[in-house]
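1. Please find the sequence and the predicted model below.
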Amino acid sequence: MLRLTQLFVRTLRDDPSDAEVASHRLLVRAGYIRRAAPGGYTWLPLGWRVLRKVENIVREEMDLMGAQEVHFPALLPRDVYEATGRWTEYGDNLFRLVDRKGADYLLGPTHEEMFTLLVKDLYSSYKDLPVSLYQIQTKYRDEARPRAGLLRGREFLMKDSYSFDIDDDGLAASYKQHRDAYERIFQRLGLPYVIVQAMSGAMGGSQSEEFLSPIEVGEDSYVRCTSCSYSANTEAVKAGRVHPDTSTHPESSLLPSPNCPTIASLVEYLNTHAPRTDRPWEARDTLKNVMLTLHHPDGSNETLAVGVPGDRDVDIKRIEAQLSPAEVSALDDAGFAAHPQLVRGYIGPQMLGTESPSGIRYLLDPSVVHGSAWVTGANQKDVHVLHLVHGRDFTADGTIEAVNVVAGDPCPNCDAPLEIARGIEIGHVFQLGRKYASTLGLSVLDHNGKQVTVTMGSYGIGVSRAVASIAEVFHDDKGLKWPRSVAPADVHLVSTGKNNDDITIAAEKLASDLEDAGLDVVFDDRVGVSPGVKFKDAELIGIPTVVIVGKSLADGTIEVRDRHSGSQENIALADVVNYVCDLHSQGQ
RNA sequence: CGGGGUGUGGCGCAGUUGGUAGCGCGCCUGGUUUGGGACCAGGAGGCCGGGAGUUCAAGUCUCCCCACCCCGACCA
């Protein structure tokens, strides 16, 4: 029993000024967490209870699917991460430190290497596989911008698990087991989620899906088909079907176009100086060629041109995912200086491609379909070219999905329009493949006595982030409204009595009766505090059932309120314990 | 890293043309109250984010840092 006269908690009447999103604001205000460091939070007794409940649900389901819990140090030596190149690849996001002997260490941002080496250390036969291991552990990432309280911290609690299989079928099975377990976990947490296709290019794996909780303040955007079941992170959307343009277009021709270095100025100029007969020119009639720099892992740089319709922006993250491990940035002034044949604002495909004079690799977005005609730069200042047809007048070195996805784009499965929504990533399942196993030399003997490289999956759930996500989904203007499975207690019992009157005595007895019936009770036993204050605190703290011993005791009844529905019932004193137990077991 | 905003008791805020810091909530003591964040009286609590400078005098003016929040860049 948590008595409010004893419990280490202080609710705040005002919102903290540094908290913007609801979960952060309410968790601080209701006394669940306190900020202790940039991106780091102290868990107070109420918050710690919720976190442990979430953690235990995750643990139970992982154990049920047959994964085994282990626990690594958070403090890890550099050499392990050196082997996979992540000591440098992780860059500034890695917390690094040096011990007294000058040796480098890091605080683990994730533990693929450690798990891989642990299995390598102990197992060497196909008979040992498959195996799935997991841990629930504090992770450290030196985020450029921690934000929104628990939603993105620099220190956070994560469940990460890894599966080890002998072949692709085994990996697929392990992957499905995890995916199914994740569905059960989020259902038990009461947390709404969608499963979306995620980027898999970055780490060389094949299948990768994210569990997103659809909340407005989330940092990820994803698409959902309005007709079929397709959904994907916007970074990972595949292009819709391509329909080649089979119509005939006029011969291409040059058009003097002074002072038209931007798409908008070009479209305006076209409509005044070379109007179309069928409709006005639009930005989507122009071909925009965007110059990028690829930074290859070996340190070399490559200039790359990407052609997209003029009404679209390029999505560098999406491009990067397809060109991984190279990193992508916009071509800077020095880069342009190295290619004097590029006329900024008037770059056209005739000057691009590995076969062209510039030798610059040129990739087209698939929406620039074969046979389509474009207005684009003529590679000289103040001149554009009309009716330049893909396949007739220019070619490219290949295609790349380069444009940012917008609502209304066609679904890759069924062509129906896509819609865009936002969410927060609460889980990720990922077929890693053999990348880590081969780099770190994890192989086992198969039944023919041959060495085979193990194939791995990696699976994560943000446990502390899940707490914030639940708060984000379940609250109103009065406070939090926890699902029963994770609430810090089952019942919030309010006594409105003064010292040692009938109400106080009845409340004390009811509190211990509820406890005896197996319920977790938060008991507001404060005297000299007005009922209004207690009601406000109960709403703020958000335990699903609030029981009030007060003025209705005169009629022999107790008030029972439901925080979620707002409903209120008066129950005979003798029946209250059973009534509340029923509510609890029904999960209402 | 770029843009914008904010730093003053635990929380929310005010502080004028520079003159040695105030309000509400919370906290302590006593009293009156007790069904929707009560009231009266008396208290405790602050190197005004940090440093340098200007000045007889700096919360206030100047410069430089730092932290936090929001947007972007980046990123599980």
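-> Perfect, thanks for sending it.

2. Contact partners for residue A:155?
-> Counting by C-beta atoms under 8 Å, 6 or more residues apart in numbering, residue A:155 makes contact with A:37, A:39, A:40, A:138, A:139, A:140. Where C-beta positions appear, they are placed from N, C-alpha and C, glycine not excepted.

3. Grab the nearest non-local neighbour of it.
-> Nearest non-adjacent residue to residue A:155, counting by C-beta to C-beta, 6 or more residues apart in numbering: residue A:40, 4.8 Å away.

4. doesn't residue A:157 make contact with the one you found?
-> No - under the contact definition of C-beta atoms under 8 Å, residue A:40 does not touch residue A:157, with a separation of 11.7 Å.

5. So the two - more neighbours on which side?
-> Between residue A:40 and residue A:157, counted using other C-beta atoms under 10 Å, the more crowded position is residue A:157 (22 against 13).

6. What count of nearby residues applies to residue A:449?
-> Around residue A:449 there are 7 other residues, counting by other C-beta under 10 Å.

7. Phi, psi for it please.
-> phi 80, psi 20 (degrees, to the nearest 10).

8. and what of the one 3 residues further on?
-> Summarising the backbone geometry of residue A:452 under the convention degrees, to the nearest 10, its torsions are phi -130, psi 140.

9. Report the separation between it and residue A:122.
-> Residue A:452 sits 17 Å away from residue A:122 when distances are taken as C-beta to C-beta, to the nearest Å.

10. Compare these two and say which is more crowded by neighbours.
-> Comparing residue A:452 with residue A:122 by neighbour count (other C-beta under 10 Å), the higher total belongs to residue A:452, at 16 against 9.

11. Quick check: chain neighbours aside, which residue is closest to the more buried one?
-> By the measure of C-beta to C-beta, 6+ apart, the closest residue to residue A:452 outside its immediate chain neighbours is residue A:446, 4.9 Å from it.

12. so what's the one you found up against?
-> Per C-beta under 8 Å, 6+ apart, neighbours of residue A:446: A:126, A:166, A:452.

13. which one among the residues you listed gets closest to RNA strand B?
-> When the contacts of residue A:446 are compared for distance to RNA strand B (C-beta to the nearest atom of the strand), residue A:166 comes out closest, at 25.9 Å.

14. and that closest one, how many neighbours?
-> By other C-beta under 10 Å, the burial measure for residue A:166, its neighbour count, is 21.

15. Nearest to RNA strand B within the stretch 1-150 of chain A, name that residue for me.
-> Closest to RNA strand B within the stretch 1-150 of chain A is residue A:38: 2.1 Å, counting by C-beta to the nearest atom of the strand.

16. Could you give the number of residues near that residue?
-> Neighbours of residue A:38 under the rule other C-beta under 10 Å: 12.

17. give the contact list for it.
-> A:146, A:154.

18. Please compute how far stretch A:393-406 lies from its chain's middle.
-> 27 Å (C-alpha atoms, centre = their mean, to the nearest Å).

19. May I have the distance across that stretch, first residue to last?
-> Criterion C-alpha to C-alpha, to the nearest Å; first-to-last residue distance in stretch A:393-406 is 29 Å.

20. That one vs RNA strand B: in contact?
-> No - remark: stretch A:393-406 sits outside contact range of RNA strand B, by C-beta under 7 Å from any atom of the strand, the gap being at least 9.2 Å.

21. buried set for stretch A:367-379?
-> In terms of neighbour count (16 or more other C-beta atoms under 10 Å), stretch A:367-379 has its buried residues at A:367, A:368, A:369, A:370, A:372, A:373, A:374, A:375, A:376, A:377, A:378, A:379.

22. I'd like the distance between residue A:21 and residue A:145.
-> Relative to residue A:145, residue A:21 is positioned 14 Å away (criterion: C-beta to C-beta).

23. what about residue A:451, how many neighbours?
-> For residue A:451, the tally of surrounding residues (other C-beta under 10 Å) stands at 10.

24. any chance you could map the helices in the stretch 351-500 of chain A?
-> With helices called from DSSP state H, counting those that start in this stretch, the stretch 351-500 of chain A shows them at A:435-440, A:463-473.

25. Mind checking those helices for the one nearest to RNA strand B?
-> Taking C-beta to the nearest atom of the strand as the criterion, helix A:463-473 is the member of these that comes nearest to RNA strand B, at 8.8 Å.

26. Just name the shakiest helix or strand of chain A by mean pLDDT.
-> helix A:333-337 (a mean of 69; mean pLDDT, DSSP states H and E).

27. Please write out the alpha-carbon positions of stretch A:55-72 in CSV.
-> Output in CSV follows, covering the C-alpha atoms of stretch A:55-72 (Å, rounded to 0.1, in the frame of the first residue of the first chain):
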residue,chain,number,x,y,z
GLU,A,55,9.5,-4.1,-18.3
ASN,A,56,7.9,-7.2,-16.8
ILE,A,57,5.3,-7.5,-19.5
VAL,A,58,8.1,-7.4,-22.1
ARG,A,59,10.1,-9.9,-20.1
GLU,A,60,7.2,-12.4,-19.7
GLU,A,61,6.5,-12.4,-23.4
MET,A,62,10.2,-12.8,-24.3
ASP,A,63,10.5,-15.7,-21.9
LEU,A,64,7.3,-17.2,-23.3
MET,A,65,8.6,-17.2,-26.8
GLY,A,66,11.7,-19.0,-25.7
ALA,A,67,14.3,-16.2,-25.6
GLN,A,68,16.7,-16.2,-22.6
GLU,A,69,17.6,-13.2,-20.6
VAL,A,70,21.2,-12.2,-20.1
HIS,A,71,22.8,-8.9,-19.0
PHE,A,72,25.8,-7.2,-20.4
